[in-house]
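Participant: 3D, please:
(chains A, B and C)
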Amino acid sequence: MPGPELRFKVGDLVRITLSNTSARAHSIHLHGITSLAQSMDGVPHASLAVLPGEKYTYTFVATEAGTHMYHCHVETNLHLDMGMYGTLIVEPRDGQRVWKQDHVLMLDEWDSRQDPDQLPHRATPNYFLANGKSYPLIPDLKIPQGEVHLIRLLNIGGAVHSMHLHGTHFLVVAKDGQDLPHPYKADTILLGPGERYDLLVKGRDGSFPLHDHIPQHGTNDGVDPGGMHLMVVGGPELRADGTPVPGPAPITTTPRFPGLTCRQRAGRSRWP
Amino acid sequence: MPGPELRFKVGDLVRITLSNTSARAHSIHLHGITSLAQSMDGVPHASLAVLPGEKYTYTFVATEAGTHMYHCHVETNLHLDMGMYGTLIVEPRDGQRVWKQDHVLMLDEWDSRQDPDQLPHRATPNYFLANGKSYPLIPDLKIPQGEVHLIRLLNIGGAVHSMHLHGTHFLVVAKDGQDLPHPYKADTILLGPGERYDLLVKGRDGSFPLHDHIPQHGTNDGVDPGGMHLMVVGGPELRADGTPVPGPAPITTTPRFPGLTCRQRAGRSRWP
Amino acid sequence: MPGPELRFKVGDLVRITLSNTSARAHSIHLHGITSLAQSMDGVPHASLAVLPGEKYTYTFVATEAGTHMYHCHVETNLHLDMGMYGTLIVEPRDGQRVWKQDHVLMLDEWDSRQDPDQLPHRATPNYFLANGKSYPLIPDLKIPQGEVHLIRLLNIGGAVHSMHLHGTHFLVVAKDGQDLPHPYKADTILLGPGERYDLLVKGRDGSFPLHDHIPQHGTNDGVDPGGMHLMVVGGPELRADGTPVPGPAPITTTPRFPGLTCRQRAGRSRWP
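Facilitator: Numbering: from 1, shown residues only, chains lettered A, B, ... in the order given. Next up is the predicted model:
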């Protein structure tokens, strides 16, 4: 979880075959793709569901570049919540873009105690994920100093997420795969479920967090730090004269922690 | 629930008389109307409340076109939550507009187990409503292929809602009854309580859902599908050559469902 | 709570010394300041935490005007939630601005039953605060009729807040301390945790509420009215001919309340 990232170019004729080898019906909804026929929309009561043991081929022409996603639309409250989703990116054919590289962060929540056979499904998430992982397991996002990269934020979960970047601001250039007429600067962006935002970030020196500013979403089952928190790494930390700060630096102060309570020393917090 | 839709034209002198035949005090707050005197604002501690057995006439001149609402502002946490609200639209006098027709979707949540006599009032909603109904009882929203219509989304509830349209995107043209200086395209829009967004949609062939992308809000008391989910209908589904897809089409595959579990067949899901 | 408001001018060299006299580690994160070195960022695993009995001086040059905040970033879910935060404003050096005065509203929630020694920390807020207070204890916000003031809204809490202004609309001119390229008009604004919005408001006659439109957030421990609700006061209420409405006016009707139930009369509601 999530499913594989799909990338196409504008004008591609896309064929995706869903082979349902499970015991439940499923479908693929291509969230954000607007050139679809109704039968390709993946909603059971209007399009169709793919029954256990059956196959169905979803076909469409990728007409517009942008950040989209795909997910099962059968019993959405259960199947989507259990992780049947992935990223779908359509890139411009000519390859013109101002960013050197892009990064995908698919945001979701997870209830580690849920039983998918218990219906109706009611999740009370205790883990908060980017690309299926939580801090400290989310890989660093590398944006070398001076380079302009694109961060594609997608909210496939059931809660809002308020993503905050330290150390610099970003330029919000697109929403839901559609270019904004007038990009704007910010350091925090609130995403509702189903929304996508594309952010341009210029790399700087050092390592700075990108994280959900909802405190509960910065924990793993209540233990802080955790959750939707990752590091944007631009290179070594620099002094004002441009020379690197020597040594393992400030972090070395962390281990000596005479004042912490037994509870904290016993490891209920990942930090220190 | 909700109360009747009120429509006026710019320049209208509006008089609304509240006759309180109930056993509790009530008021009318005209949410979004900015040409009001303080005494017309409906907030008990600054304006007034209309006592049981009394009458009060709210008077104002409709000075600006836009999508607004009205609701009781006495014990708001209880009275508003119990459904004392409605839509208030002010239309331009000259009738100039780019849309052929408009549609109103007033979003709310409902706790079917609440007892209004139990104070303090704490609702934990299990139903999610547009115009007082949930899927499959919300009427289709008809936007014939090629026609441009306006969808007025209003959030009168206590939760955010993240409305996603399938099959096409929309143009966000106004917020809180105020035209945006630069409309933007999207397929999902997050509404906080009290916010209104006006969306221009161009009709296409087929039937596509418009729904809250928060999975829990797509259920009726936890049973999926349900909740804030309705169909935008543009006409019959078309083939690439413009001819209709014959027959009842893909939906016919839905009834045959050999692979579902007993629990699902027993009807805990409305689908199939 | 909150901590003292900090105000600087663009170009100021700022030095803030944290003397940790408590039994837990703490830090200062300068939320929104982008000219920081990594070691000044206040995040324990990337920068440093200030141990009990130690001191650390945070140094930066205020490079951009805007509405920012500061807060402890150690065990954020606990320390931030317990109130270790404040407002940090950088003003333009030349003092050019269209508003006559500014007002700060720092939004937060509070769980009056929480025990900070009980870990993991899980808050279920029952009080909703602006500048550490809830209605009716939040001071009036005075914007004399005809004057243009700036309201700086900051969400340091863990929930979204949907702030609605009665009696007029506002112009949204900045987000996260960054000027918007195209300000827009609204009467309600949804803030995610960590977000800041700057609103221009032109004063009018009378007194009108500014409040969170989430009904639960308009209560004190469930009792309505309460919570994030304050009055914007422009002066006496005026008649259409510009003369003041005489006497204590409509509010005098509030005390006579024959129709209320015993429960309400017994004071479970602050109103009447």
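Participant: list the buried residues for stretch A:216-223?
Facilitator: Of the residues in stretch A:216-223, those with enough neighbours to count as buried (16 or more other CB atoms under 10 Å in any protein chain shown) are A:Q216, A:H217, A:G218, A:T219, A:N220, A:V223. Backbone N, C-alpha and C define where each C-beta goes, glycine included.
Participant: ok, stretch A:119-128 next?
Facilitator: Along stretch A:119-128, these residues count as buried under the neighbour rule (16+ other CB under 10 Å): A:L119, A:P120, A:H121, A:A123, A:P125, A:N126, A:Y127, A:F128.
Participant: could you give the mean pLDDT of that stretch?
Facilitator: Computed over stretch A:119-128, the mean pLDDT rounds to 93.
Participant: now intersect the buried residues of stretch A:119-128 with the strands, please.
Facilitator: A:Y127, A:F128 (DSSP state E).
Participant: now distance to A:E5 too, for the buried residues of stretch A:119-128, in TSV please.
Facilitator: What follows is the buried residues of stretch A:119-128, written out as TSV (distance: CB to CB, whole Å):
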residue	distance to A:E5
A:L119	31
A:P120	31
A:H121	26
A:A123	24
A:P125	23
A:N126	26
A:Y127	21
A:F128	20
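Participant: closest to chain C among the buried residues of stretch A:119-128?
Facilitator: Each of these was checked against chain C using CB to the nearest CB; the closest is A:N126, at 9.7 Å.
Participant: pretty sure that closest one contacts A:V223?
Facilitator: No - proximity of A:N126 to A:V223 does not meet the contact threshold set by CB atoms under 8 Å, at 9.8 Å.
Participant: mind checking pLDDT for the residue lying closest to A:I138 once chain neighbours are set aside?
Facilitator: Spatially, and ignoring its direct neighbours in sequence, A:I138 is nearest to A:L230 (4.0 Å; CB to CB, 6 or more residues apart in numbering or on different chains). Listed pLDDT for A:L230 reads 98.
Participant: so who does A:L230 touch?
Facilitator: Taking CB atoms under 8 Å, 6 or more residues apart in numbering or on different chains as the criterion, A:L230 is in contact with A:L105, A:A130, A:Y135, A:I138, A:P139, A:D140, A:L141, A:P209, A:L210, A:H211.
Participant: is A:T34 within a helix or a strand, and which one?
Facilitator: Mapping A:T34 onto the secondary structure by DSSP states H and E places it in no helix or strand at all.
Participant: and the stretch 1-150 of chain A, which residues reach chain B?
Facilitator: Taking CB under 8 Å from any CB of the partner chain as the criterion, the stretch 1-150 of chain A approaches chain B at residues A:23-25, A:29, A:31-32, A:34, A:36-39, A:41, A:43-49, A:51-53, A:74-78, A:80-81, A:117, A:119-123.
Participant: what's the end-to-end length of stretch A:10-27?
Facilitator: 24 Å (CA to CA, to the nearest Å).
Participant: report the contact partners of A:D221.
Facilitator: The contact partners of A:D221, by CB under 8 Å, 6+ apart, come to A:S112, A:N126, A:Y127, C:P120.
Participant: ok, and the closest non-adjacent residue to the third one?
Facilitator: Sequence neighbours aside, A:W110 is the residue nearest to A:Y127 in space, at 4.1 Å (criterion: CB to CB, 6+ apart).
Participant: repeat for A:A159
Facilitator: A:E109 is the one closest to A:A159 (CB to CB, 6+ apart), at 5.6 Å.
Participant: on that earlier part again, I'd like the buried residues of stretch A:216-223 written out as CSV, with pLDDT added.
Facilitator: Below are the buried residues of stretch A:216-223 laid out as CSV (pLDDT from 0 to 100):
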residue, pLDDT
A:Q216, 96
A:H217, 98
A:G218, 97
A:T219, 97
A:N220, 97
A:V223, 94
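Participant: can you redo those residues as JSON lines with secondary structure and distance to chain C?
Facilitator: As requested, these are exported to JSON lines (DSSP: H, G, I helix; E, B strand; the rest coil; distance: CB to the nearest CB, whole Å):
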{"residue": "A:Q216", "secondary structure": "helix", "distance to chain C": "6"}
{"residue": "A:H217", "secondary structure": "helix", "distance to chain C": "8"}
{"residue": "A:G218", "secondary structure": "helix", "distance to chain C": "6"}
{"residue": "A:T219", "secondary structure": "coil", "distance to chain C": "5"}
{"residue": "A:N220", "secondary structure": "strand", "distance to chain C": "9"}
{"residue": "A:V223", "secondary structure": "strand", "distance to chain C": "5"}
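Participant: circling back: so the residue nearest to A:Y127 sits against A:P125, correct?
Facilitator: Yes - look at A:W110 against A:P125 with CB under 8 Å: they come within range, at 5.7 Å.
Participant: residues contacting the spatially closest residue to A:K202 that is not a sequence neighbour?
Facilitator: Counting by CB to CB, 6+ apart, A:K202 lies nearest to A:V148, which is 5.1 Å off, once chain neighbours are set aside. Contacts here follow CB under 8 Å, 6+ apart; on that basis A:V148 touches A:V98, A:W99, A:K100, A:L200, A:V201, A:K202, A:G203.
Participant: would you mind listing which of the residues you listed are buried?
Facilitator: Among these, those that count as buried by neighbour count (16+ other CB under 10 Å) are A:W99, A:L200, A:V201, A:K202, A:G203.
Participant: a markdown table for these, including secondary structure and pLDDT?
Facilitator: A markdown table is the format used below for the buried ones among the contacts of A:V148 (DSSP: H, G, I helix; E, B strand; the rest coil; pLDDT from 0 to 100):
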| residue | secondary structure | pLDDT |
| --- | --- | --- |
| A:W99 | coil | 96 |
| A:L200 | strand | 98 |
| A:V201 | strand | 98 |
| A:K202 | strand | 98 |
| A:G203 | coil | 97 |
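Participant: and those residues, which is closest to C:G158?
Facilitator: For the buried ones among the contacts of A:V148, the minimum distance to C:G158 (CB to CB) is 25.2 Å, reached by A:V201.
Participant: not counting sequence-adjacent ones, nearest residue to the closest one?
Facilitator: The spatially closest residue to A:V201, leaving aside those adjacent along the chain, is A:F170, at 4.8 Å (CB to CB, 6+ apart).
Participant: hey, what's the one you found bridged with?
Facilitator: Listed by DSSP bridges, the beta-bridge partners for A:F170 are A:A186.
Participant: and A:D198, by the same measure?
Facilitator: Beta-bridge pairing of A:D198 under DSSP bridges involves A:R152, A:A174.
Participant: picking that back up, among the residues of the stretch 1-150 of chain A next to chain B, which ones are in strands?
Facilitator: When the residues of the stretch 1-150 of chain A next to chain B are checked against strands using DSSP E, the ones located there are A:H29, A:H31.
Participant: now restrict the residues of the stretch 1-150 of chain A next to chain B to buried residues only.
Facilitator: Once neighbours are counted (16+ other CB under 10 Å), the buried part of those comes down to A:24-25, A:29, A:31-32, A:34, A:36-39, A:41, A:43-49, A:51, A:74-78, A:80-81, A:119-121, A:123.
Participant: just the buried ones from the contacts of A:L230, in PyMOL syntax?
Facilitator: Here is the PyMOL selection string for the buried members of these, based on 16+ other CB under 10 Å:
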select buried, chain A and resi 105+130+135+138+141+209+210+211
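Participant: returning to what we had before: among the contacts of A:V148, which one sits closest to C:A240?
Facilitator: C:A240 has its nearest neighbour among these in A:L200, at 50.9 Å by CB to CB.
Participant: nearest spatial neighbour of A:T34, chain-adjacent residues omitted?
Facilitator: Computed as CB to CB, 6+ apart, the closest residue to A:T34 that is not its neighbour in sequence is B:T168, at 5.0 Å.
Participant: closest to the centroid, which residue in chain A?
Facilitator: Among the residues of chain A, the smallest C-alpha distance to the mean C-alpha position (CA atoms, centre = their mean) belongs to A:M106, namely 1.6 Å.
Participant: contact partners for that residue?
Facilitator: Listed by CB under 8 Å, 6+ apart, the contact partners of A:M106 are A:P2, A:M69, A:Y85, A:G86, A:T87, A:A130, A:N131, A:G132, A:L154, A:I156.
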